[in-house]
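> Starting from these lines, generate the structure:
(chains A and B)
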Protein chains: 2
Amino acid sequence: MLGCDTVADSKLSSEKLKSFCITLLRQVDVPEADAEIVADNLVSADLRGIASHGVSRLPIYIKRIQLGLVNPCPRPRVIKATPTSLLIDGDNGLGQVIGFKAMNEALALARAQGQALVGVNNTNHIGIGAYYALQAVREDMIGICLTNASAHMAPWGGIKPLLGTNPIAVAVPAGDFPPVVLDMATSIVARGKILLAAKKGEKIPLGWALDKNGNPTEDPNEAIHGSVLPLGGPKGYGLSLMVDILAGVLTGAFFGGHVPSMTEDFTSKLNEGIFLGAFKVDNFMPVEFFKKRMDQLISELKDSPKAPGVVEIFMPGEIEYKCSVERLKAGIPLNEEVRNELNKLAKSLKVEEEI
Amino acid sequence: MLGCDTVADSKLSSEKLKSFCITLLRQVDVPEADAEIVADNLVSADLRGIASHGVSRLPIYIKRIQLGLVNPCPRPRVIKATPTSLLIDGDNGLGQVIGFKAMNEALALARAQGQALVGVNNTNHIGIGAYYALQAVREDMIGICLTNASAHMAPWGGIKPLLGTNPIAVAVPAGDFPPVVLDMATSIVARGKILLAAKKGEKIPLGWALDKNGNPTEDPNEAIHGSVLPLGGPKGYGLSLMVDILAGVLTGAFFGGHVPSMTEDFTSKLNEGIFLGAFKVDNFMPVEFFKKRMDQLISELKDSPKAPGVVEIFMPGEIEYKCSVERLKAGIPLNEEVRNELNKLAKSLKVEEEI
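Residues are numbered from 1 along each chain as shown, chains lettered A, B, ... in the order given. Reported below is the predicted structural model:
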């Protein structure tokens, strides 16, 4: 097993992985610049240790393009504008492309007006929300990214999956410390982790999901056809619902049970929605002063007494940041099954290169 | 026990309870208009079935006014303004007064600009956040209210209470259905529920809190001196931290471990912060169309198959709404201990009236 794991975890440079993703995306008519955005987003996730949202998702993205369910060359357009908000039709493009461009629009507005809200409809799976929230942090703004997702979670008290695991991402600049980045599914775990467990042939803990009859299950394959459980019962249900209202109902995207399964429904486009927010820190106080206060809060939390067995107290996003720094140097350990799938995909796309 | 509970639950009209609260607040120099705001907020909580944030809090508010720790007659002022945001110094007023007025300022800005963010520092416990978020809903806006609170929750991996149970409230208008109102502490339960259990002499479930040494406890009195556990472990910790960053760090209020205990620290003012947001639904789509979409989502969730034993699937805030409608007619069942405490307080304030 150890040898097998070592093989599975052989490391690849992020640059090589990115360039491989770009090559594959180019084969299905994704323009170079757009392919770079998608590859950067996916590899960022792998750098941050979020394998569930990394390059393991590329095969399904490409499959949906090949089936004509995703537009490889979208022209997103603003369909409603106010001085501080935009509504954008994503033209059924890859979520990463549309999300990145929409957040850039939000930042342009927020630069001028202090803050901006941007709703997006008619788009697809966006990968990690942290990516977009961090776009704002680079301009000393606070960034927010919400997206609704395929319906895999039942409402509290129900058994039919009618809500996504609708994630919430918020990123905040700090001073000497890395930005604080919360990026969490509103389910107990991201469904991507269940998909990855299925891919790896591993069990999932009881309490993560129900099977299609509403019974608790440890089998990720049963869970995939059942319902993921919300974070903390009714509270996670409430958070997921609010994300769906903002990213889905308010943007004109599909919502609730109408968002198809990306991995199982090959007849309908996803029409997912994104809700992005950005606002300047210096609306409220000078940036340098804010960063000092952030550093103080972070220090005080990190330096506080630890529970037995705990070596370090982490800020949200800190583990991912450190992982990213490490993997930029040492390379990304890629699961062997994911690697094989990507190589198989490359072959089918007449790409000779392998990873 | 049943007889005792029945006595404990004898009912009072909301109007009588409100007028009694106003009378008591007037005795400690709270102006009539401000006393009405506080009373309306507290009684709203009791109407909604949130006894932990209702009139049971009045004694501690009044005690802090009497000790000179809360300003009964504040003059909140804007200390920083942009076209879409305000930072307000709450002049150490009662949180309900400052929160209500600050949300009105946010709504005035949002009416003109489409959206607004308002930060508030130098204020006190605000009661239920839903109250302020609902102010926005009455103007067909979406309302958000975040506030930081006395440090009662340890960071994930820590044992020292350095974060509040920092609640999140979001309210959204619907059409034929009542507004959807999420109002949740980022702890497993609101600390108010632990306080109420202590007041009632009831045990709390394991998993709600740790004692001061970091051990799980069922004793609410041990929990009060220990640490409340976050919702869903690291995720609730992350949410609580984000609320503290927005409501505390960014507003100039106290943050983290610096927010004193309202119920135990009688030497320092609280200097809590509030972060309020409001934006127009019609920034994105016509209000009537949005409400139709909301009603569709709500119907589809409520009409979906239920888990065994579940009679009805509820929207966030629906139970509270129905409770409120019922109690407006039938009266509010007031816990006997709370009633005795209020009557004792009245006597000490030379008020002859009793409830």
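> how about the closest residue to A:Gln135 other than its chain neighbours, what does it touch?
Closest residue in space to A:Gln135, ignoring its immediate chain neighbours: A:Met103 at 4.7 Å, by C-beta to C-beta, 6 or more residues apart in numbering or on different chains. C-beta coordinates here come from the backbone N, C-alpha and C atoms, glycine included. A:Met103 makes contacts with A:118, A:132, A:135-136, A:143, A:145, A:276, A:278, as judged by C-beta atoms under 8 Å, 6 or more residues apart in numbering or on different chains.
> And those residues, which is closest to chain B?
A:Val118 (9.7 Å; C-beta to the nearest C-beta).
> Any idea how many residues pack against the closest one?
Using other C-beta atoms under 10 Å in any protein chain shown, A:Val118 is surrounded by 30 other residues.
> so it, which of the three states?
Put simply, A:Val118 is strand when judged by DSSP: H, G, I helix; E, B strand; the rest coil.
> Mind pulling the model confidence for the residue nearest to A:Gln135?
Model confidence at A:Met103, expressed as pLDDT, equals 98.
> ditto for A:Val7
A:Val7 carries a pLDDT value of 44.
> Please measure how far the first residue of stretch A:190-210 sits from its last one.
14 Å (C-alpha to C-alpha, to the nearest Å).
> now check that stretch, is it near chain B?
No. Applying C-beta under 8 Å from any C-beta of the partner chain, one finds stretch A:190-210 separated from chain B by no less than 8.6 Å.
> so who does the nearest residue to A:Gly119 once chain neighbours are set aside touch?
Counting by C-beta to C-beta, 6+ apart, the nearest residue to A:Gly119 once its immediate chain neighbours are dropped is A:Thr251, at 3.8 Å. Taking C-beta under 8 Å, 6+ apart, we find A:Thr251 in contact with A:87, A:119-121, A:273-275, B:284.
> Between those, which sits nearest B:Pro308?
Taking C-beta to C-beta as the measure, B:Pro308 lies nearest A:Gly273 of the contacts of A:Thr251, at 33.0 Å.
> The closest one: what secondary structure?
Following three-state DSSP, we place A:Gly273 in the strand state.
> Can you get me a residue count around the nearest residue to it once chain neighbours are set aside?
Using C-beta to C-beta, 6+ apart and skipping residues adjacent in sequence, the residue nearest A:Gly273 is A:Ala253, 3.0 Å away. By other C-beta under 10 Å, 26 other residues sit near A:Ala253.
> Helix or strand: which one has A:Ala253?
Assigned by DSSP states H and E, A:Ala253 falls within no helix or strand.
> Is it in contact with A:Pro260, as I believe?
No. Counting by C-beta atoms under 8 Å, A:Pro260 is not a contact partner of A:Ala253; they are 11.9 Å apart.
> Serialize the contacts of A:Met103 to CSV and add fields for distance to B:Met294, pLDDT and secondary structure.
Below are these laid out as CSV (distance: C-beta to C-beta, whole Å; pLDDT from 0 to 100; DSSP: H, G, I helix; E, B strand; the rest coil):
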residue, distance to B:Met294, pLDDT, secondary structure
A:Val118, 21, 98, strand
A:Tyr132, 25, 98, helix
A:Gln135, 30, 98, helix
A:Ala136, 28, 98, helix
A:Gly143, 26, 98, strand
A:Cys145, 22, 98, strand
A:Leu276, 21, 98, strand
A:Ala278, 25, 98, strand
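> Just want the angle from the longest helix along chain A to helix B:95-113.
Counting residues, the longest helix in chain A under DSSP state H turns out to be helix A:95-113. On the basis of axes from the mean of the first three to the mean of the last three C-alpha atoms, to 10 degrees, helix A:95-113 is oriented at 100 degrees to helix B:95-113.
> buried residues in helix A:95-113?
Neighbour counts over helix A:95-113 (16 or more other C-beta atoms under 10 Å in any protein chain shown) mark A:95-103, A:105-107, A:109-110, A:113 as buried.
> Tell me the one of the residues you listed nearest A:Ile224?
Nearest to A:Ile224, judged by C-beta to C-beta, of the buried residues of helix A:95-113 is A:Gly95 at 20.4 Å.
> any idea how far chain B is from that closest one?
The spacing between A:Gly95 and chain B, counted by C-beta to the nearest C-beta, to the nearest Å, is 19 Å.
> In contact with that residue, which residues?
For A:Gly95, the contacting residues are A:123-127, A:147, A:272, A:274, by C-beta under 8 Å, 6+ apart.
> can you do 10 Å?
A:38, A:41, A:61, A:70, A:102, A:120, A:123-127, A:132, A:147, A:149, A:262, A:270, A:272, A:274 (C-beta atoms under 10 Å, 6 or more residues apart in numbering or on different chains).
> ok, now which ones touch A:Ala278?
A:Ala278 sits next to A:103-111, A:114-118, A:132-133, A:135-137, A:139, A:141-145, A:171 when contact means C-beta under 10 Å, 6+ apart.
> Who is it paired with across the strands?
Using DSSP bridges, the bridge partners assigned to A:Ala278 are A:Ala116, A:Gly143.
> and what of A:Ile168?
In this entry, A:Ile168 is beta-bridged to A:Leu146, A:Met184, by DSSP bridges.
> which ones are touching it?
A:129, A:133, A:144-147, A:182-186, A:239-240, A:242-243, B:235, B:238-239, B:242.
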